[in-house]
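Q: A structural model of the following input is requested.
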Amino acid sequence: MGWPRSFIDEVRRSAEGVRLIGEVVALKKRGNRWVGLCPFHQEKTPSFGVNEDGLWYCFGCSEGGDIFKFFMEYDSLDFAQAVRTIAERSGVTVPEQEAPRRPRTGDQVSRERTMAALEAATIFYQRALASEAGAGAREYLAARGLDSEVMQSFALGYAAEGWDNLERAMAAQGFKPEELEAAGLVKRRGDSAGVYDLLRDRVVFPIRDSRRRPIAFGGRVMGEGEPKYLNTPETRVFHKGRTLYGAGEARDALRQSGYVLLVEGYLDVLACVQYGFANVVAPLGTALTADHAKLLSRQVSKAVVAFDGDEAGRAAAERTVGVFLPAGFQISVLQLPPGQDPDSYLNEHGADGLSGALREATPALGFLVARAGERGDLNSPQGKAQALASLLGFVLRVEDRVERAEWIGRIADALRIERHLVERSFDELRRQPRRAPHEPDESAEAPLPRLAAQLGAVPFAERRLLQALVHSPAWLADIDEIFDRTALRDPRVQAGVAAIEQLLAEFGTPDVVSPQRILEIADTPDLDLLLSRLTAEEDVVALPEARGCALAIRRDELLRQLDELRREIQQAESEGAAQLDELQHRHIALGQQIAELRRREQDFASGPRPGS
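A: You can find the predicted model right below:
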């Protein structure tokens, strides 16, 4: 962890969660919670809530956590960045140095120096573009149709010819070579004797985060040369798979328009913005990833893919549809004429032309059927079979059952195949342990809805018991008389109950127990998500139900022991082992304990009977 635990705890205690989250989400008081429209997905009815401890949860998208998690998700920050951000907004003094981290490239350079170097480099490149040496770059950008306003808005610059222009200018400002290297601005020479500028004689496009701070750069040659585009490498502040060009600039436009226009390159983004399509972003020379889709799904649920009109662009659009589907997007594909991209199309047809083309964009399934038709004859049995296999691979990535059924019906109509045959083929495909076709790579696999998957793994009785103890920690002594806490299976529940016990022992009163204090003690992954969900539920667990949960947990532990004992008995019988009698006596004793626990559970029938 990048910060001392004492500092993190101080920030957590000092942070006014409702105030901080209320700065970016309009909240209204409702009971003991504040509610508003979720910032992580589109909705018309508020399903997002925050409590006094700063724990938040959305019933619409199943996201939740503590105040640190909120700003990590909202501003795409890592944990250390989120702690610093909240500390600064809460008036907590930030330590001068972070605690040691695990060694990695550039780790000896602080994040603050890296960000400072990137900001200084942005200014250097901008001044170079405005200088006499940048005349050729300005002419190139003007020839591409860009005006000064969009160039200034996106902080375009120029890296002049020469091997050390940037390095010398930055050294004059006090930046060391290792700091520039950690920021990805320079490369070390092969003999390790010094460094040289990475970008040379290129137009420079700053890549910025959600708060429009530079985190990397892309450079484009203006004439012949390879590679045409060159990005600075990934660093501690820049990860291509989680960064989209123009995302920070597009935030407001995405919410206003309700959809994202996804293009392929820097110049496509700039042209779209210049012509009034500000809801545009682009991946950074890589295929769209599941992290990209998740980032966009917090703001919009619709996407139009507008890639180049050549075969490579169409193939990339096909793969991109497969990445958007698990995130629940409604997707269309803008099919541009061969040889054109959004930049050239706008310069030729203008804003009205692109607006018309967007209205005629092809829904994802229609585009995929057309692509399948390009690969085979859809009128032949073999061609239909090949197309069906390809299309069902995409259906596998549709999470919503109703939408999936709609896709199956439309595929049956498009291929003129009886629906029950398509359904049977889909069921067979779903049972096969393989990835869907056109899946770019493992990094593009979209996770299951996060909370549904994680809470589904928490036994019901354990979840309800933890919920009871968070609200009524004084019950812990009563619960401890019923079962051995080693019977708890989920590590989050184990950590939460242990933290409650520690708080009671340390302060001697249940009044000090709160989700916030539990999180200060229990450093367990996703405990914050579990607590945020449990505290968001309005139903209260009564003491009889809590006791019943404890009995159910104990009973399940004994049942597991009974199963293991049966296996031991079977093995002893086959081997003629001497301890067979002892094992059988233990088996009888366990059965009696389980029967007694079931009788005791009946005594607590006044509360809802828990499952497990």
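Q: what about the helices in the stretch 151-300 of the chain?
A: 165-172, 177-182, 247-257, 266-274, 290-297 (DSSP state H, counting those that start in this stretch).
Q: isn't M115 up against R213?
A: Yes: M115 is in contact with R213 according to Cβ atoms under 8 Å; the separation is 6.6 Å. For the C-beta atoms, the positions are set from N, CA and C on the backbone; glycine is no exception.
Q: identify the contacts common to these two.
A: Where contact means Cβ atoms under 8 Å, 6 or more residues apart in numbering, no residue is in contact with each of M115 and R213.
Q: quick one, which of these two is more surrounded?
A: When M115 and R213 are compared for neighbours, M115 comes out ahead with 18 against 14, by other Cβ atoms under 10 Å.
Q: check which helix or strand that one maps to.
A: helix 111-130 (DSSP states H and E).
Q: go ahead and produce CSV holding the CA coordinates of the next helix or strand after that helix.
A: Toward the C-terminal end, the helix or strand that comes next after helix 111-130 (DSSP H and E) is helix 135-143. Extracted in CSV, the C-alpha atoms of helix 135-143 (Å, rounded to 0.1, in the frame of the first residue of the first chain):
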residue,chain,number,x,y,z
ALA,A,135,5.7,26.2,-38.9
GLY,A,136,5.7,22.9,-40.9
ALA,A,137,3.6,21.2,-38.2
ARG,A,138,1.1,24.1,-38.2
GLU,A,139,0.8,23.8,-42.0
TYR,A,140,0.2,20.1,-41.7
LEU,A,141,-2.5,20.5,-39.1
ALA,A,142,-4.2,23.3,-41.1
ALA,A,143,-4.1,21.1,-44.2
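Q: could you check the angle helix 135-143 makes with helix 111-130?
A: Using axes from the mean of the first three to the mean of the last three Cα atoms, to 10 degrees, the inter-axis angle of helix 135-143 relative to helix 111-130 is 80 degrees.
Q: quick revisit: return the most buried member of the helices of the stretch 151-300 of the chain.
A: helix 266-274 (a mean of 24; mean count of other Cβ atoms under 10 Å).
Q: elements contacting it?
A: Helices and strands touching helix 266-274, by 3 or more Cβ pairs under 8 Å, 6 or more residues apart in numbering; DSSP states H and E, are helix 148-153, strand 214-220, strand 280-281, helix 342-359.
Q: now tabulate those in CSV and tack on distance to S332 and mean neighbour count.
A: Putting the helices and strands packed on helix 266-274 into CSV (distance: least, Cβ to Cβ, whole Å; neighbours: other Cβ atoms under 10 Å) gives the following:
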stretch, distance to S332, mean neighbour count
helix 148-153, 25, 14
strand 214-220, 27, 23
strand 280-281, 14, 27
helix 342-359, 8, 16
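Q: closest one to V323 among the ones you listed?
A: Among those, the nearest to V323 by Cβ to Cβ is strand 280-281 (13.8 Å).
Q: give the pairing partners of the closest one; include direction for each.
A: If you go by DSSP bridges, strand 280-281 pairs up with strand 259-262 (parallel).
Q: who's in contact with the partner strand?
A: Contacts of strand 259-262 (Cβ under 8 Å, 6+ apart): 250, 254, 272, 277, 279-283, 288, 296, 299-300, 302-307, 320, 358.
Q: dump that strand to PDB, keeping only the CA atoms.
A: C-alpha atoms of strand 259-262 as PDB (Å, rounded to 0.1, in the frame of the first residue of the first chain):
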ATOM      1  CA  TYR A 259     -24.200   7.700 -26.600                       C
ATOM      2  CA  VAL A 260     -20.600   7.500 -27.400                       C
ATOM      3  CA  LEU A 261     -19.100   7.800 -30.900                       C
ATOM      4  CA  LEU A 262     -16.100   5.500 -31.000                       C
END
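Q: what residue ranges in the stretch 51-200 of the chain score low on pLDDT?
A: Within the stretch 51-200 of the chain, the segments meeting pLDDT under 70 span 96-108, 190-193.
Q: how about the chain?
A: 1-2, 42-43, 96-108, 190-193, 432-457, 538-539, 576-578, 597-612.
Q: how many other residues sit next to the nearest residue to Q467 once chain neighbours are set aside?
A: Distances taken as Cβ to Cβ, 6 or more residues apart in numbering place L534 nearest to Q467, at 4.3 Å, with adjacent residues excluded. Look at L534: counted by other Cβ under 10 Å, it has 23 neighbours.
Q: report the secondary structure state of L534.
A: Under the three-state scheme (DSSP: H, G, I helix; E, B strand; the rest coil), L534 adopts helix.
Q: so that it lines up with my notes, have the first residue be 17 from now on.
A: Sure thing, new numbering starts at 17, so read that last one as L550.
Q: break this protein into its domains for me.
A: For the chain, automatic domain parsing gives the domain ranges 21-106, 127-254, 263-382, 386-463, 469-619.
Q: one step back: ok, which of the helices of the stretch 167-316 of the chain comes nearest R563?
A: Here helix 306-313 is closest among those (Cβ to Cβ), at 40.6 Å.
Q: what about the longest helix in this structure?
A: helix 559-591 (DSSP state H).
Q: do I have it right that G81 meets S548?
A: Yes: counting by Cβ under 8 Å, G81 touches S548, with 5.5 Å between them.
Q: comparing the two, which shows the higher neighbour count?
A: Taking other Cβ under 10 Å, G81 and S548 do not tie; S548 has more neighbours (27 against 24).
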